[in-house]
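*Asks:* Would you be able to build a 3D model of this:
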Amino acid sequence: ELTPKFFRNIHPFLPFTYTISLMRETIGGIVNQVVVKDLSLIAVFIVGSFIIGVFLKAPFNKFIKKFNEKFEESHLGE
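*Replies:* The predicted structure is shown next:
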């Protein structure tokens with residue numbers, strides 16, 4: 001109730017939410033349905049991150065290469 005609305009809205013989309021839930025299960029007693037749900041969602045986050053990383057690696061490499069070239073031209077790093 002004290003958390004701003006923005007954070008309440010993004011809360012279900014953050015993997016940390018489900019890892020904390022799993023930690024609570026280990027401390028307070030295991031409920032199989034909660035563990036399965038949390039592990040499933042964490043697996044979805046892992047697979048999604050891997051897929052995004054594979055497909056966005058090339059575009060990010062191009063951007064980083066251009067950024068590094070401009071940075072070297074500026075001589076700010078020396």
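
*Asks:* For residue 38, the count of nearby residues, please.
*Replies:* 20 (other Cβ atoms under 10 Å). Every C-beta, even on glycine, is put in place using the N, C-alpha and C of the backbone.

*Asks:* My read is that it contacts residue 21, right?
*Replies:* Yes. Counting by Cβ atoms under 8 Å, residue 38 does reach residue 21; the two are 5.0 Å apart.

*Asks:* residues contacting residue 17?
*Replies:* Residues in contact with residue 17 (Cβ atoms under 8 Å, 6 or more residues apart in numbering) are residue 11.

*Asks:* helices and strands around the longest helix along the chain, which ones?
*Replies:* Under DSSP state H, the helix in the chain containing the largest number of residues is helix 32-74. Where contact means 3 or more Cβ pairs under 8 Å, 6 or more residues apart in numbering; DSSP states H and E, helix 32-74 is packed against helix 15-28.

*Asks:* Can you check what pLDDT the model gives residue 78?
*Replies:* Per-residue pLDDT puts residue 78 at 66.

*Asks:* got it, and residue 1?
*Replies:* Residue 1 is assigned 72 on the pLDDT scale.

*Asks:* Distance of it relative to residue 64?
*Replies:* 42 Å (Cβ to Cβ, to the nearest Å).

*Asks:* who has more neighbours, those two?
*Replies:* residue 64 (10 against 3).
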